[in-house]
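S.K.: have a look at this prediction, sequence included:
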Amino acid sequence: MSKTEKHGLGNGAIVAICCSFVIGMVGMAYAAVPLYEMFCKVTGYGGTTQRVEQASDVILDKTIKVRFDANTGPGLAWTFTPVQREIKVRIGETVQVLYKARNNGSTASTGQATFNVTPQAAGAYFNKVQCFCFTETTLKPGEEMEMPVVFFVDPEIVEPVETKDIHTITLSYTFFPHEGSKPVASAAQEKVEDANKL
């Protein structure tokens, strides 16, 4: 084999390695968000709460205060509030609270809620049995809806040094417009604009 052939083979291998690297990086970019969400749910990192299928079977004689916060992102004409601003619960006790959302707009719109818990160290011990988060909620003009959250604070929160002195937890939700939803009037206007361009 000549030097030229060997040199060409080396360049081909380098190109293949570079292509594989680029494809791998693109794949990792797509996987990063779901992997990060999975990491947060497992560890409670960043105040992410835990999702459980059943209630706690241990209830302590110690109480903790839980505050509720509600926000709406720009572009969503909703009123979103907790029915109760705060409650005091026994650690391990399963309780239900309600949030209310109302569409103040003139068209139906869809929102989706994100959430977090502060202090962040408490996220791993805040267990939700039922929640409206990460599901699309569509409200007609003037429609109001009650949305329950069923949760308990894991009794193990009293053990670690970083969480045993936590006396208040805040559960915060923010509703954002769902990316796939578009007001009817806006969609109709875009069709007219597209027709005018032709």
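M.R.: Here it is on my side, so go on.

S.K.: skip the chain neighbours and tell me the closest residue to the most centrally placed residue in the chain.
M.R.: Nearest residue to the geometric centre of the chain (C-alpha atoms, centre = their mean): residue 114, 3.5 Å. Counting by C-beta to C-beta, 6 or more residues apart in numbering, the nearest residue to residue 114 once its immediate chain neighbours are dropped is residue 174, at 5.5 Å. The C-beta positions use only the backbone N, C-alpha and C, and glycine is treated the same way.

S.K.: show me what the helix or strand containing that neighbour is packed against.
M.R.: Using DSSP states H and E, residue 174 sits within strand 168-177. If you count contacts as 3 or more C-beta pairs under 8 Å, 6 or more residues apart in numbering; DSSP states H and E, strand 168-177 packs onto strand 63-72, strand 78-82, strand 109-118, strand 144-153.

S.K.: now with 10 Å?
M.R.: For strand 168-177, the elements it packs on are strand 63-72, strand 78-82, strand 86-90, strand 95-103, strand 109-118, strand 126-130, strand 144-153, judged by 3 or more C-beta pairs under 10 Å, 6 or more residues apart in numbering; DSSP states H and E.

S.K.: could you dump these into TSV and include mean pLDDT?
M.R.: Shown next, in TSV, are these (pLDDT from 0 to 100):
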stretch	mean pLDDT
strand 63-72	97
strand 78-82	98
strand 86-90	97
strand 95-103	97
strand 109-118	95
strand 126-130	94
strand 144-153	96
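
S.K.: adding distance to residue 11, write these out as TSV.
M.R.: Shown next, in TSV, are the helices and strands packed on strand 168-177 (distance: least, C-beta to C-beta, whole Å):
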stretch	distance to residue 11
strand 63-72	55
strand 78-82	58
strand 86-90	67
strand 95-103	60
strand 109-118	48
strand 126-130	55
strand 144-153	60
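
S.K.: out of those, which is the most enclosed?
M.R.: Each of these was scored by mean neighbour count; the highest is strand 109-118, a mean of 20, by mean count of other C-beta atoms under 10 Å.
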